[in-house]
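J.: fold the following, please.
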Amino acid sequence: MTRTPTVGVLGLQGDFAEHQALLFDLGVAARVVRTVAQLDGIDALIIPGGESTTIAKLMDLYGLREPLVAFARSGRPVWGTCAGAILLARDVDELDRPGIQAMDIQIQRNAFGRQLQSFQSQVAIDGISDGEFPAVFIRAPAIIDVDASVEILATLPDGKIVAARQRNLLATVFHPELTTDVRLHNLFLSMID
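T.: Numbering: from 1, shown residues only. So this is what the prediction gives:
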């Protein structure tokens, strides 16, 4: 009998409850992570959408930055959605403090405009079958450059990169947790050994 994996969802700010609910719907053990001790025993981690500056400040306040860097380096899967993708990126414009900086991507914050320019688009994603994914973009960043070791999973018609993977790291600049479509969560779960 194989052990059921436990997925942590960073719960400092943002859409952590929505990710946790989707994981529960999939029958996956999921727990909110707010302290260093809560990183113990999890097999994968989701860093949700929210406000990247606020999440980065709270990571510092709770002493989570270095433990999160170590977690990402451990080879266990880490998925950043929207603000989470910003925090995973090695290079970000206009972020007043470093994030986790584990993924060799460059991100532009608010690349699609402010809150009023939020939109939904059907996006074809490599590794996802059964049609396009209903991607929800809210004050979304864009991945504007990637290292050669990064696999681009999805772009918009204008060429903006909206999903990428580098080894154990997954970044989507939109909010899959705000839909009922669990295919991206299943793709992430497939990354767990």
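
J.: ok, residue 11 - contacts?
T.: Counting by CB atoms under 8 Å, 6 or more residues apart in numbering, residue 11 makes contact with 17, 32, 33, 34. In short, each C-beta sits where N, CA and C put it, glycine included.

J.: got a PyMOL select line for the buried ones in those residues?
T.: Selection of buried members from these for PyMOL, criterion 16 or more other CB atoms under 10 Å:
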select buried, resi 33
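
J.: select from the contacts of residue 11 every entry located in strands.
T.: 32, 33 (DSSP state E).

J.: pipe the contacts of residue 11 into JSON lines and attach pLDDT and distance to residue 124 per row.
T.: Formatted as JSON lines, the contacts of residue 11 follow (pLDDT from 0 to 100; distance: CB to CB, whole Å):
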{"residue": "17", "pLDDT": "93", "distance to residue 124": "28"}
{"residue": "32", "pLDDT": "97", "distance to residue 124": "32"}
{"residue": "33", "pLDDT": "97", "distance to residue 124": "31"}
{"residue": "34", "pLDDT": "96", "distance to residue 124": "35"}
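
J.: which among the contacts of residue 11 gets closest to residue 137?
T.: Ranked by distance to residue 137 (CB to CB), these are led by residue 17 at 20.1 Å.

J.: residues in contact with that closest one?
T.: Contacts of residue 17 by CB under 8 Å, 6+ apart are 11, 32.

J.: how much space between it and residue 168?
T.: Distance, residue 17 to residue 168, by CB to CB, to the nearest Å: 24 Å.

J.: repeat that for residue 27.
T.: Relative to residue 168, and taking CB to CB, residue 27 is found at 22 Å.

J.: show me which positions of the helix-or-strand element of the chain with minimal mean pLDDT end up buried.
T.: Counting by mean pLDDT, DSSP states H and E, the weakest-scoring helix or strand in the chain turns out to be strand 119-123, with a mean of 92. Neighbour counts using 16+ other CB under 10 Å place residue 123 of strand 119-123 among the buried residues.

J.: ok, stretch 91-98 next?
T.: Buried residues in stretch 91-98 (16+ other CB under 10 Å): 92, 95.

J.: thought residue 102 was touching residue 88, still the case?
T.: Yes - here residue 88 reaches residue 102: they are 5.6 Å apart, a contact under CB atoms under 8 Å.

J.: those two - which one has more neighbours?
T.: Applying other CB atoms under 10 Å to residue 88 and residue 102 shows that residue 88 carries more neighbours, namely 28 against 23.
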